[in-house]
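Visitor: The sequence and its predicted three-dimensional model are supplied below.
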Amino acid sequence: AMQGHAEGRHNLGISEEIKGNYDNAVKNYLISAKMGYKASVQAIQRILMKGMAKIEQYMEAVKGYQDAAEEMKSHDRDKAREVKIVVAGMET
């Protein structure tokens, strides 16, 4: 999980949250959210509602998630463009 697997980080967050270690939970959820894992954004929101996270942490998670989602979209666009060029080349 420490190497950058979003779901693994999320699971570490769950484990910390269950133990009541909200600071560590939020840290792990934040890392996961910035990798594009939506459930981690929702988890930080839940902790925020309990009064155990700061609004700034939630905002950072939302922005990180949006940035990751945008990055994935542009990667998919680039990949689609490459495939289109290859297919067009095969048709000639």
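Guide: In hand now; what should we look at?
Visitor: Packing partners of the helix or strand of the chain with the lowest mean pLDDT?
Guide: The weakest-scoring helix or strand in the chain, judged by mean pLDDT, DSSP states H and E, is helix 55-90 (a mean of 87). Judged by 3 or more Cβ pairs under 8 Å, 6 or more residues apart in numbering; DSSP states H and E, helix 55-90 is in contact with helix 22-34, helix 38-49. Bear in mind the C-beta positions are built from the backbone N, C-alpha and C, glycine included.
Visitor: which ones are touching Arg9?
Guide: Ala1, Asn28, Tyr29, Ile31, Ser32, Met35, Tyr37, Ser40 (Cβ atoms under 8 Å, 6 or more residues apart in numbering).
Visitor: again, but for Leu48
Guide: Neighbouring residues of Leu48 by Cβ under 8 Å, 6+ apart: Lys54, Ile55, Gln57, Tyr58.
Visitor: Give me the pLDDT for it.
Guide: With respect to pLDDT, Leu48 has a value of 98.
Visitor: What of Lys19?
Guide: 98.
Visitor: Quick one: residues contacting it.
Guide: So Lys19 contacts nothing (Cβ under 8 Å, 6+ apart).
Visitor: Backbone dihedrals for it, please?
Guide: phi -80, psi -10 (degrees, to the nearest 10).
Visitor: going forward, begin numbering at 566 instead of 1
Guide: Understood, numbering begins at 566; the last thing we discussed is Lys584.
Visitor: I'd like to know how far Lys599 sits from Ala608.
Guide: To Ala608, Lys599 is 13 Å away according to Cβ to Cβ, to the nearest Å.
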